[in-house]
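Enquirer: structure for this input, please:
(one chain, ligands or ions: 1)
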Amino acid sequence: MKEFISKNQVCKLHPGQQVIGKWHRKSYKIVKQLGYGATGTVYLAHGVDGAVALKVGAESMAISSEVNVLQQLSKVQGQHLGPSFIDVDDIITSEGTYPFYVMEYLEGEPLIPFWQKHRPEWLGILMVQLLSDLDRLHRIGWIFGDLKPENLIVTGPPYRIRWMDVGGTTMKGRAIKEYTEFFDRGYWGLGSRKAEPSYDLYSVAMIMINSRYPSRFDKKPSSAPYKQLQKAIVNDTILKKYQSTIEGALQGKFSEAMAMRKSLVSQVGSSDSRREYKVTRRTQAPTKQRKKKKKQPAKKSSAIFETFLVGSFLLLVYILYWFGQMM
Ligand SMILES: Nc1ncnc2c1ncn2[C@@H]1O[C@H](COP(=O)(O)OP(=O)(O)OP(=O)(O)O)[C@@H](O)[C@H]1O
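Expert: Numbering: from 1, shown residues only. This is a model prediction of the structure:
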């Protein structure tokens, strides 16, 4: 599908090109192409207030449906759910008139590379943030649908998980309109494709699994899908820490995002995880230190320094976490 669209990308815009909306007369200067999806091509552009993301497509219906979702999301108080909506208009070119919309440009790091670079605690913290946002979305009657790392980005510091592609957002009660197999409970035979909170929560559990298995894996025809996923969880030390939460979501035990969030929060802040972190640090102490028997005071002060470092790090993680919650 994407191959087809890439070859036939409608309304190709070029760096430096000025786009002026037919109706609102706002002007945007194209900087570069960011990517393309089923409904159109996204460009980084400069508007009067700075960098924006501009999406141009061929089908007015598809573009206005995405605009509708962005507008609904911007009505939610507090932290923006998805990029904030800026403008919708048409562009007139020599090939015809095309619909486009403009949204906040989200600059950040893709989720999986972020987790690979940062401390394991960030898995729990970002998922707690995501669950708070999902709760707000569910409360206004929508289900994200196609929840996967590619549709999420980490902005900051301070680090915050944000939604990028809201094209799969479906009204509660309807059939999920867009999904990706690995994150879809229907594919794993563990539930329906009805748009309800537990559908998104299943995907959150699969995102957590994906964080530790970046290349993902297929469903094995030989074993029961749930058993296969359970094995992937227990075989990984980080996922094992969140085992009850992940399994609960896979089994559809959480009917709302706040229930899963509560379960996860208790595991992110558990003394076990802190102890485990300290033990790992201790076992990783360089052998050189163990040999230098004479330098006792230095060893003692380095232990104090290390404890101080670990303590400061954990404090920082919690401050960032609560900061993220307040935004
Ligand atoms: N608001 C934004 N800020 C920054 N980059 C964006 C923004 N929206 C989209 N992008 C970039 O543009 C790419 C294309 O986005 P788009 O939502 O059209 O398609 P997709 O998510 O890749 O595919 P599909 O919609 O078919 O699932 C994204 O992968 C992302 O890199």
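Enquirer: the ligand contacts on the stretch 51-200 of the chain?
Expert: Counting by CB under 6 Å from any ligand atom, the stretch 51-200 of the chain comes close to the ligand at Ala53, Lys55, Pro83, Met103, Glu104, Tyr105, Leu106, Asn151, Met164, Asp165, Gly167. C-beta here means a position set from N, CA and C on the backbone, and glycine is covered the same way.
Enquirer: redo that, cut-off 8 Å
Expert: Within the stretch 51-200 of the chain, the positions lying close to the ligand (CB under 8 Å from any ligand atom) are 53, 55, 83, 103-107, 146, 150-151, 153, 164-165, 167-168, 178.
Enquirer: need phi/psi at Ser255.
Expert: phi -90, psi -10 (degrees, to the nearest 10).
Enquirer: and for it, the neighbour number?
Expert: Ser255: 12 surrounding residues under other CB atoms under 10 Å.
Enquirer: what sits against it?
Expert: Residues counted as contacts of Ser255 (CB atoms under 8 Å, 6 or more residues apart in numbering) are Pro197, Ser198.
Enquirer: that one and Leu201, how far apart?
Expert: Ser255 sits 9 Å away from Leu201, going by CB to CB, to the nearest Å.
Enquirer: what does Gln71 give?
Expert: Gln71 sits 25 Å away from Leu201, taking CB to CB as the criterion.
Enquirer: and these two? which has more neighbours close in?
Expert: Leu201 (28 against 14).
Enquirer: and the pLDDT for the nearest residue to that one once chain neighbours are set aside?
Expert: Ranked by CB to CB, 6 or more residues apart in numbering and with sequence neighbours excluded, the top spatial neighbour of Leu201 is Ala249, at 4.5 Å. pLDDT, Ala249: 98.
Enquirer: what about Gly168, which SS state?
Expert: coil (DSSP: H, G, I helix; E, B strand; the rest coil).
Enquirer: quick check on it: phi, psi?
Expert: Dihedral pair for Gly168: phi -90, psi 0, per degrees, to the nearest 10.
Enquirer: Ser94 - how many residues pack around it?
Expert: For Ser94, the neighbour count with other CB under 10 Å is 4.
Enquirer: number the residues from 37 up from this point.
Expert: Sure, I'll start counting at 37 from here, so that last one is Ser130.
Enquirer: what separation do you get for it and Gly192?
Expert: 42 Å.
Enquirer: and if you look at Gly76?
Expert: Distance from Gly76 to Gly192, by CB to CB: 28 Å.
Enquirer: higher neighbour count, these two?
Expert: Gly76 (25 against 16).
Enquirer: backbone phi and psi for that one, please?
Expert: Dihedral angles (degrees, to the nearest 10) for Gly76: phi 160, psi -170.
Enquirer: skipping adjacent residues, who's closest to it in space?
Expert: Take Gly76 and drop its neighbours on the chain: the residue closest to it by CB to CB, 6+ apart is Gly93, 2.9 Å away.
Enquirer: I'd guessed the one you found sits against Ile127; true?
Expert: No - using CB atoms under 8 Å as the test, Gly93 is too far from Ile127 to be in contact (10.6 Å).
Enquirer: geometric centre of the protein: which residue is closest?
Expert: Note on the chain: the residue nearest the mean C-alpha position is Leu188, at 3.0 Å, using CA atoms, centre = their mean.
Enquirer: got the contact list for that residue?
Expert: Pro146, Leu147, Leu166, Ile197, Arg198, Trp199, Met200, Ile243.
Enquirer: from those residues, pick the one nearest the ligand.
Expert: Met200 (4.9 Å; CB to the nearest ligand atom).
Enquirer: and the residue of the chain found nearest the ligand, its phi and psi?
Expert: Proximity of the chain to the ligand (CB to the nearest ligand atom) peaks at Gly73, 2.2 Å away. When read as degrees, to the nearest 10, the backbone of Gly73 gives phi -130, psi -170.
Enquirer: quick one: the helices in the protein?
Expert: Ranges of helices in the chain, per DSSP state H, are 38-43, 96-110, 147-153, 157-175, 233-248, 261-270, 273-277, 279-286, 293-304, 307-319, 323-327, 332-362.
Enquirer: can I see the domain layout of this protein?
Expert: Domain ranges of the chain: 53-140, 145-306, per the TED database.
Enquirer: now tell me which helix or strand of the protein has the poorest mean pLDDT.
Expert: In the chain, the helix or strand scored least confidently by mean pLDDT, DSSP states H and E is helix 323-327, which has a mean of 34.
Enquirer: so Gly76 sits against Leu90, correct?
Expert: No - the criterion here is CB under 8 Å, and Gly76 misses it with Leu90 at 9.7 Å.
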